[in-house]
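1. Got a sequence here, can you build the structure:
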Amino acid sequence: EYLDFDSGTDFDTQVVVKTNVAEVLARELSRRSWTCETVALGTNTDPYQRAEGRYALMPGIIAALTNSGTPFSILTKGTLLRRDLPLIAEASRHVDVSIAVSLAVGDQELHRDVEPGTPSPEARLGLIAAIRDAGLRCHVMVAPVL
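-> The predicted structure follows:
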């Protein structure tokens with residue numbers, strides 16, 4: 001149990017959104033003790049899941065990281081990253097940026113069974129192409145391969 005969520009389906013059916021994340025992050029990054037270590041986004045929770053479409057928090061996060069001179073990485077399955085490609089490309093001119101897309105399933109039917117509600121393999125391949133077209137490098141996470 002955590003955040004008043006039960007150990008059953010609460011974490012599968014509810015999302016906690018911290019709408020002030022960009023402001024809090026900017027404040028934390030402005031501390032004199034901050035040494036501009038790389039910040040990894042998406043290692044625990046995908047930053048481009050459906051809630052991001054509604055709340056649009058990532059542009060503020062990317063701006064806060066860039067403005068503070070903090071390099072960052074993004075790991076996602078979410079094709080919504082495409083919306084932020086111009087901002088990410090601009091950020092990459094000022095700080096090191098690494099992007100990775102998770103693509104464990106190539107078969108559409110298997111994808112529906114294993115990763116329901118996530119962008120299709122074809123959509124993710126399109127995202128990878130868009131990232132490259134924006135002049136950015138893109139890592140592809142292919143484990144586990146199903």
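2. Nearest residue to the middle of the protein?
-> Pro47 (3.5 Å; C-alpha atoms, centre = their mean).
3. Enumerate every residue touching Ala123.
-> Thr79 (C-beta atoms under 8 Å, 6 or more residues apart in numbering). Every C-beta, even on glycine, is put in place using the N, C-alpha and C of the backbone.
4. check which helix or strand covers it.
-> helix 121-133 (DSSP states H and E).
5. ok, and what's touching the next helix or strand after that helix?
-> Counting by DSSP H and E, the next helix or strand C-terminal to helix 121-133 is strand 139-141. Residues outside strand 139-141 that contact it (C-beta under 8 Å, 6+ apart): Leu75, Ser98, Ile99, Ala100, Val101, Ser102, Leu103, Ala104, Ile128.
6. returning to what we had before: give me every residue that touches the residue nearest to the centre of the chain.
-> With C-beta under 8 Å, 6+ apart, Pro47 has these contacts: Leu41, Leu57, Met58, Ile61, Ile74, Thr76, Gly78.
7. Among these, name the ones in strands.
-> Leu41, Ile74, Thr76 (DSSP state E).
8. partners of the second one in the sheet?
-> Going back to what we said before, that points to Ile74. Counting by DSSP bridges, Ile74 forms beta bridges with Leu41, Ile99.
9. Give the full set of residues in contact with it.
-> Counting by C-beta under 8 Å, 6+ apart, Ile74 has contacts Leu41, Gly42, Pro47, Tyr48, Leu81, Ile88, Val97, Ser98, Ile99, Ala100.
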